[in-house]
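A.B. asks: curious how this folds, go ahead:
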Amino acid sequence: MPPEPMRLEVLLPSRVLLSKSGVTRIVAETAQGSFGILPRRRDCVAALTPGILSFETQADGEVFVAVDEGVLLKAGPEVRVSVRRAMLGRDLGQLRAAVEHEFRAQDEEALQFRTLMAKLETACLTRLSGLQGLARGR
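C.D. replies: Numbering: from 1, shown residues only. Next comes the predicted model:
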């Protein structure tokens, strides 16, 4: 009798990116290298590094998920992956291009945020030094 297929969930901080049943194989990356998970594998927890997680189902074949660092938990037939950022793709080339585009956009947003914070800090320090001058003048 074949083993019961797994159920895979990929969780992001704000939503569930993927919930898939009938998963027959998962490959994930850790700091020690990549490892595979089959339905009868013992329960485990693994710290994931940024990279590609792949899984396979009878219906979809092999599917790729670009993931940021996070955690993978296997308990019985349930496999949950919790990461900060992730993107789905069927073709590695297209997935790479989409990830580069998304990360570039996020890097630009982060730069704009850091610039805004620097301006706010400068304005705050300027006001504080002005208040100190007033206090000394009394």
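
A.B. asks: packing partners for the helix or strand encompassing residue 128?
C.D. replies: Secondary structure from DSSP states H and E places residue 128 in helix 92-137. Under the contact criterion of 3 or more CB pairs under 8 Å, 6 or more residues apart in numbering; DSSP states H and E, helix 92-137 touches strand 61-67, strand 86-89. Quick note: C-beta positions are derived from backbone N, CA and C, even for glycine.

A.B. asks: a markdown table please, covering those strands and showing distance to residue 2.
C.D. replies: Putting those into a markdown table (distance: least, CB to CB, whole Å) gives the following:
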| stretch | distance to residue 2 |
| --- | --- |
| strand 61-67 | 18 |
| strand 86-89 | 26 |
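
A.B. asks: quick revisit: next one: the helix holding residue 128 to chain centre, how far?
C.D. replies: 23 Å (CA atoms, centre = their mean, to the nearest Å).

A.B. asks: okay, residue 132: pLDDT?
C.D. replies: pLDDT for residue 132: 69.

A.B. asks: next one: residue 81 from residue 102, what distance?
C.D. replies: 18 Å (CB to CB, to the nearest Å).
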